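*Asks:* Below: sequence and its predicted model.
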Amino acid sequence: SQQGEEDPQALSIQEGENATMNCSYKTSINNLQWYRQNSGRGLVHLILIRSNEREKHSGRLRVTLDTSKKSSSLLITASRAADTASYFCATAPDKLIFGTGTRLQVFP
Amino acid sequence: DSGVTQTPKHLITATGQRVTLRCSPRSGDLSVYWYQQSLDQGLQFLIQYYNGEERAKGNILERFSAQQFPDLHSELNLSSLELGDSALYFCASSVAGTDYGYTFGSGTRLTVV
């Protein structure tokens, strides 16, 4: 069963634009993580935000967390064609449970 | 290379057969997790081992079993295979729990014909 659900399911943008993906989850968490998956490949850990943090940055990535609304968002600024991938949020009570993913397509 | 090694990369087998998927975790990681990814079910947690002991079970069928050996590598055994078992099977490892994220292998693509 999925703990998180990403929204939108799919997103298409032009290079240089910003991409925003949202994640909603159901139960209390220790932290929330975002992963990227290129087609058919393994998942790559992008960023982790702890339950007592509200915002975190890593390069072109910005993650926010609102525990009162049980939601998080991932912002990728100045998107590149290489950012084309599926993005998953994962929540951690004790083991990671992944959401359904957002498929991001960045057109050159 | 993530440091997590999964073999084989591809596997094609017939219904009713049994297969074994192998995973070597990243050096220093004690926890191993198995996930199944299919188009209709998304990424499903199957089972976790920590330093040789089973720690958590998810949506793992009774036909599936796993173990972690003293050298920390893990094997996932799938038996009496059905067409619906066709999926990508991922292994991930972490130092301990979820505090620092998981490192995923590149997966084994299983096709049951």
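*Replies:* Sure thing, it's come through. Residues are numbered from 1 along each chain as shown, chains lettered A, B, ... in the order given.

*Asks:* Apart from its chain neighbours, what residue comes closest to A:Thr67?
*Replies:* Spatially, and ignoring its direct neighbours in sequence, A:Thr67 is nearest to A:Ser51 (5.8 Å; C-beta to C-beta, 6 or more residues apart in numbering or on different chains). To be clear about C-beta, it is placed using only N, CA and C from the backbone, and glycine gets the same treatment.

*Asks:* neighbours around that neighbour, how many?
*Replies:* Neighbours of A:Ser51 under the rule other C-beta atoms under 10 Å in any protein chain shown: 13.

*Asks:* Over to B:Ile47?
*Replies:* Neighbours around B:Ile47, by other C-beta under 10 Å: 23.

*Asks:* Can you tell me the element it falls in?
*Replies:* Using DSSP states H and E, the element containing B:Ile47 is strand B:42-50.

*Asks:* Could you pull out the strands in chain A for me?
*Replies:* For chain A, the strands defined by DSSP state E cover A:4-7, A:10-14, A:19-25, A:31-37, A:43-50, A:55-58, A:61-66, A:71-76, A:85-92, A:97-98, A:102-107.

*Asks:* Can I get those strands in a markdown table including mean pLDDT?
*Replies:* Below are the strands of chain A laid out as a markdown table (pLDDT from 0 to 100):
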| stretch | mean pLDDT |
| --- | --- |
| strand A:4-7 | 82 |
| strand A:10-14 | 97 |
| strand A:19-25 | 95 |
| strand A:31-37 | 95 |
| strand A:43-50 | 95 |
| strand A:55-58 | 97 |
| strand A:61-66 | 98 |
| strand A:71-76 | 97 |
| strand A:85-92 | 92 |
| strand A:97-98 | 88 |
| strand A:102-107 | 96 |
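
*Asks:* where does chain A come near chain B, residue by residue?
*Replies:* Contact residues, chain A versus chain B (C-beta under 8 Å from any C-beta of the partner chain): A:1-2, A:30-31, A:33, A:35, A:40-45, A:48, A:88, A:92, A:94-101.

*Asks:* Output the below-cut-off pLDDT ranges for chain B.
*Replies:* Applying pLDDT under 70 to chain B flags no residue at all.

*Asks:* Quick check: nearest residue in space to the residue nearest the centre of it, chain neighbours excluded?
*Replies:* Central residue of chain B (C-alpha atoms, centre = their mean): B:Trp34, 3.3 Å from the mean position. Excluding its sequence neighbours, the residue lying closest to B:Trp34 (C-beta to C-beta, 6+ apart) is B:Leu46, at 4.2 Å.
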